[in-house]
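Predicted structure and sequence below. I'll ask about it afterward.
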Amino acid sequence: MIASLLAAEPGSAPVTQWPLRILLVLVVVAVIGLVLLGMRRGWKRRARSQGEIPAPPEPGGEPGGGGVVSGVFVGSTSHGDWLDRIVVHDLGVRSRVDIQVRSDGVALWRHGARDVLIPAESLRGAGLARGLAGKAYERDGVLVVTWELGGRLIDTGLRADASADQSVLLESIQALSAEQGRAGGMAR
């Protein structure tokens, strides 16, 4: 029975319009290429417009000691405008990261991108959010660190691999920020 059904099915029709099909494939490839070129030009234009932002310091050395948390560097944006991505100095590049809260600040050793040290005196706060830089996660899925770089407030999104680590990071960064606030208040 199955053999008779298979024998009765007609074969596929031969392709007779090869030039048209090749032309359509080339058009699709050209459109994809133009879209990618436009994205690249937009990224470069944004980098030129953000040229006044200085390079953040680097933490130096390798991650070590206690308190190193693995996770994802989601990206950085202008404070309060989570669609205005900061692209200079690799701050807009999503990457794997090892995070450590130290007395001098928050050290970020990034895989495939520039390492960043958020100095303790530049910290302005930290909290949890749903997303950042066009990336959305579950409720309170992103740790957002607000800091100052070259007179500009920046929100940097971090996401620890384990939610328990994310809570520890949040508490540590908030404590360091509060400590800097007290020290700054005493100096005045």
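Cool, the structure landed. Residues are numbered from 1 along each chain as shown.

For the rest of this, base every contact and every neighbour count on C-alpha atoms.
Noted.

what about residue 109, is that helix, strand or coil?
strand (DSSP: H, G, I helix; E, B strand; the rest coil).

I figured residue 72 was touching residue 162, is that so?
No. At 10.9 Å, residue 72 does not count as touching residue 162 under the criterion of Cα atoms under 8 Å.

the more surrounded of the two?
Legend: neighbour count by other Cα atoms under 10 Å for residue 72 and residue 162, higher for residue 72 (20 against 11).

how about low-confidence regions in this protein?
Of all residues in the chain, those with pLDDT under 70 make up the ranges 1-11, 13, 15, 133-134, 181-188.

could you pull out the helices for it?
For the chain, the helices defined by DSSP state H cover 2-8, 18-49, 163-187.

number of nearby residues for residue 149?
For residue 149, the number of neighbouring residues by other Cα under 10 Å comes to 17.

Same check on residue 165?
Using other Cα under 10 Å, residue 165 has 17 neighbouring residues.

Also residue 30?
Counted with other Cα under 10 Å, the neighbours of residue 30 add up to 12.

Columns distance to residue 109 on top of the helices of the chain, output as JSON lines?
Putting the helices of the chain into JSON lines (distance: least, Cα to Cα, whole Å) gives the following:
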{"stretch": "helix 2-8", "distance to residue 109": "61"}
{"stretch": "helix 18-49", "distance to residue 109": "22"}
{"stretch": "helix 163-187", "distance to residue 109": "15"}
